[in-house]
Every structure is written in structure tokens, then in C-alpha cells.
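[1] Below is the sequence, then the predicted model.
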Amino acid sequence: MNQQPTSNPHSPTPFLQIDRLRKKFGDFVALDDVSLDVFEGEFVCFLGPSGCGKTTFLRAIAGLDIQTAGTVHQAGKDISALPPSERDFGIVFQSYALFPNLTVAKNIAFGLENQKLSKPDIVKRVTELLELVNLPDQGAKYPAQLSGGEQQRVALSRALATSPGLLLLDEPLSALDAKVRTYLRHEMKALQRRLGVTTIMVTHDQEEALTMADRIVVMNHGVIEQVGTPTEIYRQPNTLFVADFIGEMNQITGKAISSDRVEVAGRTVLTKPHKAAVDATVTVTIRPEDIIPHGEDARSPGVTDTLEQAENEFDGTVEDMEFLGSFWRVSLKSASVKERTFSEVTLTVDMSINAIRRMNIAIGQSITVELPAQRILVFPQGNSNA
Amino acid sequence: MVEKKGLSYWLSHAGLILGVIVIGFPIWLAFVASTVTQSEIVSPPMPLLPGGEFITNYKEALFSGINAPVALMLLNSTIMALGIALGKIFISLLSAFAIVYFRFPGRQLFFWMIFLTLMLPIEVRIVPSYGVVAQFGMLNSYSGLIFPLIASATATFLFRQFFLTIPNELTEAARVDGAGPVRFFFDIILPMSKTNIAALFVILFIYGWNQFLWPLLITTDPSMNTIVMGIKQMFPSGDDNANWPVIMATSLLAMVPPVLIVIFMQKFFVRGLIESEK
């Protein structure tokens, strides 16, 4: 397991302690001895491709699918064997799961009524919750009369109705269209921050995870690949899987020469120090936006070529350009005649609109780019499940 | 809707009109027969237009009848049909709820056993059923009319299929909110099933109303006769003349409640359908 200590500002005793959780469906191991600590008030995202076990993990925490082995402690109490109704959490399902025959207000009140609260208290709390999610006056409507985004917010307020210590979100935004999703992302995050409720969200959308989470748990094949803040996950992926799954990544196969040099397609490239053994086959990665195009004004003035930079320069021909709104994604194919080039390598480079304009870049043109050594990550091949 | 004109338009209308005549003419004849005197019926030709005895004949049928007043038989039939329809729905709902939402040993076995009873309608098990009912002293009683017919594999199966389409997440949401099975059943499952219940009620009411063989066997007392079998009882044995106007009036009266149920319940389940579509 690659769970590494991360810098977090929280209290030393975790709110939720998950220890060696294992879940098997027949012979299929959906969760393979997963351990995780979640701290009070934290927003944690389980991120991974479909079938990676993230939903199973969430459902085990909720008690909806009891684990095969392992324990869950919440607020110091062992809840491993408790039924869902005796655990202290609220949940928003992917399909919202609002009761179609009950009004919005009744839906929200459903859990409160089971707690034997008095009528006026329930009405007060429901009004409060509807205001919280910006849906006052919608209480008398039926779920089917609301839009997807509104239904989702009703589901959220139903989950929060009993003031649970833990909020679980199972892909809550995946059924919505892009605009509503972005909007609700901010709303939910703001709400979570305001209420300070410990939240776990399952998602396969990396953008959602990166923007909303305090910490991201990247999962694959039933194990945790990495736990870290969004920046850590993006900037310092532990494994090739994480590097590949989050964001765009150029991947080139090469061979390790020393602890900070690799040989790629006949050239030596300086990289960030890595742990791959000498002569091992490695995957060399760099993000498209980290590649710096050389040209007039493309770099900050005063920076001169050092030996290292020269070593990591790359000449290529613009093979294709894709306009992505705020930037251009350029495919750069090695220009085979020049010496500062790799053979048979195509790099994806993200360039700003300004840079493209200043440098007059067009398809077929040759340009030079620099691959900053600190941004080149090296992963040994063969240990990744990707 | 597709608007058709020309030959096919007239042809399809002619076909439909012919169908209406084939179905409607006997009913019309029965109605005519219920409004004339006995002598007008037995002397050919049979009249095709209503006569003036409507009130007399219906009054006689409803309040004195031949063996028992038709009003009483209508009441008996209504109680039996309602008992069968509501009983079947209630029991089927509960058994489908148990089969779908509870895990107990032999769950599948019980389901298939219920399903197998589809092969055992009352006609097949009539002798043992009669024996049981007789021993319980339920001959000539409403309970005797209703209970042997109250289990329904069809309805259980339909509700089971419907419950299986209710998303699991809904059940889980209720569980998380601490709702027990009883609350889940009455607050969520029952209201969600109302369209199905309405449709089944119509079918089962008519099924109960049209029971013939079973009431014929177990009700020997004319005051417990149901109307469908009662019509048969009105025919005299031997050479006596049948009182046709009264028999025809009874036949038409027997048709009224099922028709009313269909018309009334139609509104209900159309509304149910619209609501779930919204």
C-alpha cells in the first residue's frame, strides 16, 4: 500500500478510522485490506476508475455492504457491525433516491420523523434545511417536479437533516449536466465548509476531486494508490497509475542511467531524482503544461541557457494543434534530422494562446521546447496496474 | 394520431360498427326483453323496441326476484367481489414484500410454491376446498365465499416484478433514515404501487364478480346466492315457463357494477399514470 503520511493540520485523533478493510464478492476482491484515517471536518474524495472499489469502500463505511474483514471506528466507537440506521451519517446517492410519492418537505422530514421529533421541530428543521440549500418555498412540490440539480440539493438536505457527523456522497454530481455540476460543486463545497461536516465523496471525475477535496484517495483495483492533497496528487504522483489517471501526461519509455538521468530514444535526459535501478526500463513522464516552448519572449527575460537546460531541449515539428478554449494542445513530433531530438517520439505540449500568437506557431513548423528536469517524473515499469 | 381517409377509413369504420352490432345486439335484445311482458316475448316475432314494462319488471326483479330478491344477490356479489379483490391485493402485497425485501431461508422455494398455485384454480381443487370449507362451517357464509379464492399467485407475481423495479437506493435511503419495514411498506411501497393496485383491483373485482361454480356449490340458501349464479337458479326445472322479463332484467342488473367499476377505476389509474409520469 502506498499510503504515505501527508501534512495535514488536523487533530491527531482521526474522526474515522478504517483499518484493513476487506470486501469480497464471491472470489472477487473488491477491497483489499484498505486502511484510511479521516479527520474531523475534512472533505475526502475517493477517486478512481469504475470498478476500482471506491463505491464499495463508501458502502462499507455506511454499513450498506458489511465488509468481509476489517474494522471501522467513528468518533472512537467501533461501528464495524452496526446496521446503517444505527450509524451516524447521511448519504446522497447517485440517483438521489428521493421518495417519489412524498413531497420535498416530507422527504427531508423522513429521517427526522423516525427520530420521534415533535411536529413543530420537524417543520422548523425542514424550513431551515430548505433555506440552506437555496430551495425555500419548494417544500410542497414532488421530486419529479424539480430539475436534476434541485433534486440533488433536496437529497443533500435530506442527508443533512439529522445533523450527522459524517456525510457520504456517492457520485452526487455525475447525473447532472456540466454547467449545473460546476455550480453545485462550489455550492456543496461552500456548504460543507460552513457546516464543517466530515465528508467523503466518491467520484470518478478528477476535476471534481481536485476542486472539492481537502484530500484525495486515489484507488485502483481495490487498493489505495495514493492519499494526498490535490496538489500533492497532481504534482507528486506516487505511481504511474496516479500520474496517468489524474490530468494529462506525456509518457515515454526509457532506461534509467543514474538517479537523475534517463536515456530516452537515444538521448540522455535530466530528470527529477528517482529511485529506479540503473538499467531498469522506466516510464518517463511530463505534463503537457510543464513543457516550455523556446522562442522570443516565451521565457522570462534574464534566464540563460544552462547546461542542464540544453540537455533537456527538444526540437520538433508541429504535427497537430487542438484548440481547447483557454489554451492550445500541440502535438510535437521529433524532427529527425536535427541532433537535439528524440527518435520517434511525439510530445503533447500545452501552450497559451499568447505564446502561439507571438511565436506564430502553425502546423508543420519546427520549434524548440525545454523539458524542465524538476517536472520530469520517472516510474519503474511493471509495478503499475494501469 | 394517424388520420386516414378514403376507402380504408370507411372500411375500418364499417368493421368497427359491425363489431359493435355483434356485441351490442344481444344486450339490446336482453334490454328489450326486460321491458316487455312475458306474453310479448313468448309469442313470435320477438319485439325489437322497448315496451312499457320497464319499471314493473325491474321492481319485481330487484325486490322480490324469483328465488331471492336481486338486490340481495347484488349485495352478496358485491361483498364477495370486494372481499376477493381487496383480500387478494392485500395478501399479494404482503407476500411480494416479504419475498423481495426479506432474506429468509426458502425464500425462492416459497415464491415458486406460490407461483405453482397458478396451476391450481378453484375448479381443480374444488372437492378438497369444499371439504375444508364445510368442516369449518363456512357453507352459506361470506367467509366461505371469499377465503378459498383469496390467494393470488398472479397478483403476487405482478407486485414482485414491480417491487424489483424500485431502485435499491430507495430502500437503502429508507434504511439509512431509520425507517423499519412497516414504515417503509406503508409510506413508500404502498403509495408507489397505487397504479398497479388500481389496475389489479379492476381485474380482480371482475374475477370475483364472475365467480360461478364456487358460489353455486357452497351457497344452498337462496339468501346467500350471488347474482351470477343466481341467474342460473332462476331458470325453472321441468316444463314451467321461465319468467323472461325478470331474468333479463336481472342479467342487465348483474352487468352494472362491473361496468361502473371499470369506468370509475379507469379515471383512477389514468391519474396514477399521469402522476408517475410527471
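    Nice, thanks for sending it over.
[2] got the residues of chain A near chain B?
    Applying C-beta under 8 Å from any C-beta of the partner chain, we find that chain A lies next to chain B at A:62, A:64, A:83-85, A:89-91, A:93-95, A:97-102, A:110-111, A:114-115, A:142, A:144-145, A:158, A:162. In this view, the C-beta of every residue, glycine as well, is placed from N, C-alpha and C.
[3] Chain neighbours aside, what residue packs nearest to residue A:183?
    Sequence neighbours aside, residue A:149 is the residue nearest to residue A:183 in space, at 7.5 Å (criterion: C-beta to C-beta, 6 or more residues apart in numbering or on different chains).
[4] Just to be sure, the one you found is in a strand?
    No. Remark: residue A:149 does not belong to a strand; assigned using DSSP: H, G, I helix; E, B strand; the rest coil, it is helix.
[5] Show me what counts as buried in stretch B:226-242.
    Using 16 or more other C-beta atoms under 10 Å in any protein chain shown as the test for burial, stretch B:226-242 gives B:226, B:227, B:228, B:229, B:230, B:231, B:233, B:234.
[6] In helices, which of those appear?
    B:227, B:228, B:229, B:230, B:231, B:233, B:234 (DSSP state H).
[7] how about the residues you listed in a markdown table, adding distance to residue A:266 and pLDDT?
    Written out in a markdown table, the entries for those read as follows (distance: C-beta to C-beta, whole Å; pLDDT from 0 to 100):
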| residue | distance to residue A:266 | pLDDT |
| --- | --- | --- |
| B:227 | 99 | 89 |
| B:228 | 96 | 89 |
| B:229 | 99 | 88 |
| B:230 | 102 | 86 |
| B:231 | 101 | 87 |
| B:233 | 105 | 83 |
| B:234 | 107 | 84 |
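[8] Out of the residues you listed, give me the two with the largest separation.
    Looking at those by C-beta to C-beta, the two members farthest from one another are B:228 and B:234, with 11.6 Å of separation.
[9] what do the two both touch?
    When contacts are counted by C-beta atoms under 8 Å, 6 or more residues apart in numbering or on different chains, the set common to residue B:228 and residue B:234 is empty.
[10] Distance from the chain centre to stretch A:122-141, please.
    Here stretch A:122-141 is found 32 Å from its chain centre; the criterion is C-alpha atoms, centre = their mean, to the nearest Å.
[11] Let's test this: mean pLDDT of that stretch, rounded?
    Across stretch A:122-141, the average pLDDT comes to 91.
[12] Quote the end-to-end distance of that stretch.
    Distance between the boundary residues of stretch A:122-141 (C-alpha to C-alpha, to the nearest Å) amounts to 17 Å.
[13] And the contacts of that stretch?
    In this structure, residues lying in contact with stretch A:122-141 by C-beta under 8 Å, 6+ apart are A:103-105, A:108-109, A:112-113, A:117, A:146, A:150, A:153-154, A:156-158, A:160-161, A:187, A:191.
[14] now the buried residues of stretch B:226-242 in TSV, with distance to chain A?
    What follows is the buried residues of stretch B:226-242, written out as TSV (distance: C-beta to the nearest C-beta, whole Å):
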residue	distance to chain A
B:226	36
B:227	37
B:228	37
B:229	40
B:230	41
B:231	42
B:233	46
B:234	47
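[15] will you turn these into CSV that also has distance to residue A:276?
    Putting those into CSV (distance: C-beta to C-beta, whole Å) gives the following:
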residue, distance to residue A:276
B:226, 89
B:227, 91
B:228, 89
B:229, 91
B:230, 95
B:231, 95
B:233, 98
B:234, 100
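[16] what's the closest of those to residue A:50?
    Distances from residue A:50 to the buried residues of stretch B:226-242, taken by C-beta to C-beta, are shortest for residue B:228, at 58.9 Å.
[17] distance of the residue nearest to that closest one when sequence neighbours are not counted from residue B:84?
    The shortest distance from residue B:228 to any residue that is not its chain neighbour, by C-beta to C-beta, 6+ apart, is 5.3 Å, and that residue is residue B:212. The span separating residue B:212 from residue B:84 equals 13 Å under the rule C-beta to C-beta, to the nearest Å.
[18] who's more crowded, these two?
    Neighbour tally, residue B:212 and residue B:84, criterion other C-beta atoms under 10 Å in any protein chain shown: the higher count belongs to residue B:84, 23 against 12.
[19] got a list of contacts for stretch B:106-124?
    Residues external to stretch B:106-124 that are found in contact with it (C-beta under 8 Å, 6+ apart): B:95, B:99, B:129, B:148-149, B:151, B:153-154, B:156-157, B:160, B:211, B:213-214.
[20] same thing with stretch A:319-331?
    Contacts made with stretch A:319-331 from outside it, assessed by C-beta under 8 Å, 6+ apart, are listed as A:288-289, A:318, A:332-333, A:346-353, A:356, A:361-363.
[21] Which of those residues are buried, as a PyMOL select command?
    PyMOL command restricting these to the buried ones, with burial defined by 16+ other C-beta under 10 Å:
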select buried, chain A and resi 288+289+318+332+333+347+348+349+350+351+356+361
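[22] In strands, which of the contacts of stretch A:319-331 fall?
    In this view, the contacts of stretch A:319-331 that belong to strands under DSSP state E are A:318, A:332, A:333, A:346, A:347, A:348, A:349, A:350, A:351, A:352.
[23] Any stretches of chain B with poor pLDDT?
    In the predicted model, chain B carries pLDDT under 70 at residues B:1-4, B:238-239, B:269, B:271-278.
[24] Quick check: residues of it near chain A?
    Within reach of chain A by C-beta under 8 Å from any C-beta, chain B has these residues: B:167, B:169-170, B:172-179, B:183, B:187-188, B:191-192, B:276, B:278.
[25] Residue A:316 reaches residue A:369, doesn't it?
    Yes. Counting by C-beta atoms under 8 Å, residue A:316 does reach residue A:369; the two are 6.9 Å apart.
[26] Who has more neighbours out of the two?
    Under the criterion of other C-beta under 10 Å, the comparison of residue A:316 against residue A:369 puts residue A:316 first, with 25 against 20.
[27] what about the closest residue to chain A within the stretch 1-150 of chain B, distance to residue B:181?
    The stretch 1-150 of chain B approaches chain A most closely through residue B:103 (13.2 Å), counting by C-beta to the nearest C-beta. The gap separating residue B:103 from residue B:181 is 12 Å, by C-beta to C-beta.
[28] picking that back up, please spell out the ChimeraX selection for the buried subset of the residues of chain B next to chain A.
    Restricted to buried positions by 16+ other C-beta under 10 Å, the ChimeraX selection for these reads:
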select /B:169,170,172,173,174,175,176,177,178,179,187,188,192
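[29] Which members of the contacts of stretch A:122-141 are positioned in helices?
    Using DSSP H, the members of the contacts of stretch A:122-141 that fall in helices are A:104-105, A:108-109, A:112-113, A:150, A:153-154, A:156-158, A:160, A:187, A:191.
[30] If we only consider these, which is nearest to residue A:243?
    Proximity of the ones in helices among the contacts of stretch A:122-141 to residue A:243, judged by C-beta to C-beta, is greatest for residue A:187, which lies at 30.8 Å.
[31] Which helix or strand contains the most centrally placed residue in chain B?
    With distances taken as C-alpha atoms, centre = their mean, residue B:206 lies nearest the centre of chain B, 1.5 Å away. Assigning secondary structure by DSSP states H and E places residue B:206 in helix B:194-209.
[32] so where do the strands sit in the stretch 1-150 of chain A?
    A:16-25, A:28-38, A:43-47, A:69-74, A:77-78, A:89-92 (DSSP state E, counting those that start in this stretch).
[33] try chain B
    In chain B, no strands are found when defined by DSSP E.
[34] For the stretch 201-350 of chain A, which residues score under the pLDDT cut-off?
    Within the stretch 201-350 of chain A, the stretches falling below the threshold (pLDDT under 70) are A:295-311, A:335-343.
[35] what's around residue 70, how many residues?
    No chain in the question, so chain A it is. Quick note: residue A:70 (other C-beta under 10 Å) scores 17 neighbours.
[36] please go with chain B instead
    Around residue B:70 there are 26 other residues, counting by other C-beta under 10 Å.
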